[in-house]
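> predicted model and sequence follow; I will ask about them next.
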Amino acid sequence: MTGVSAETLLSLPVRSRGIDLGHPVDVVLDRDGRRAIGLVVLCKDEAQRFLPLSVAEVRDREIVVASPLVLLDEEELDFYLRHASTMRGLRGTTVRSAGQEVGRLEDVLVLRDGIVSELVVANGRGRERLRIDDTVTIS
């Protein structure tokens, strides 16, 4: 199972019962970049809110939530941003496998449970997928 890319997540609208609530502008990852924990969503009222992935259903053309109330306000968003990483912040950083530099981080593939299964790295040969194991680090 490959999962969905961060790029794809950022292209999908967030909806509740067919009503557009906003669009993701960043993916929030744990500090090590191994699990996606949520999305920063720019809502229709221009506020940025945190959407935990655990309460969202990612579909082909949208991210569905049961209620707008699952979007946490800016105070909670700030908490997550202080204690986690973001795809925007990690993009372009060095990826190593077994201590060897393999390229720069371009994207991640996220499974349904939030686990980052693969990294997409840019190197002299183009963009390649790198399966995550214990030897892979992002710095």
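Thanks, I have the structure now.
> how is the protein carved up into domains?
As given by automatic domain parsing, the domain ranges for the chain are 4-87, 90-138.
> same list, the ones you listed, but as CSV with mean pLDDT and mean neighbour count please.
To be clear about C-beta, it is placed using only N, CA and C from the backbone, and glycine gets the same treatment. As requested, the domains of the chain are exported to CSV (pLDDT from 0 to 100; neighbours: other C-beta atoms under 10 Å):
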stretch, mean pLDDT, mean neighbour count
domain 4-87, 96, 17
domain 90-138, 95, 15
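> what ranges does the chain have for its strands?
4-5, 14-16, 19-29, 36-43, 48-52, 56-58, 63-65, 85-86, 94-97, 100-110, 116-123, 126-131, 136-138 (DSSP state E).
> which stretch among those strands comes nearest Asp73?
Asp73 lies closest to strand 48-52 among the strands of the chain, at 6.1 Å (C-beta to C-beta).
> what about the spatially most central residue of the chain, distance to Asp45?
When C-alpha atoms, centre = their mean is applied to the chain, the residue found nearest the centroid is Val27 (3.0 Å). For Val27, the distance to Asp45 (C-beta to C-beta, to the nearest Å) stands at 21 Å.
> my guess is the residue nearest to the centre of the chain meets Leu39, correct?
Yes - under the criterion of C-beta atoms under 8 Å, Val27 makes contact with Leu39 at 6.0 Å.
> now do the shared contacts for the two.
Jointly contacting Val27 and Leu39 under the rule C-beta atoms under 8 Å, 6 or more residues apart in numbering are Leu9.
> now Val27: closest residue in space, sequence neighbours ignored.
Leaving aside its sequence neighbours, Val27 sits nearest to Met87 (C-beta to C-beta, 6 or more residues apart in numbering; 4.1 Å).
> what residues does that neighbour make contact with?
6, 26-29, 107-108 are the contacts of Met87 under C-beta under 8 Å, 6+ apart.
> against Ile37, how distant is it?
Met87 is 12 Å from Ile37, by C-beta to C-beta.
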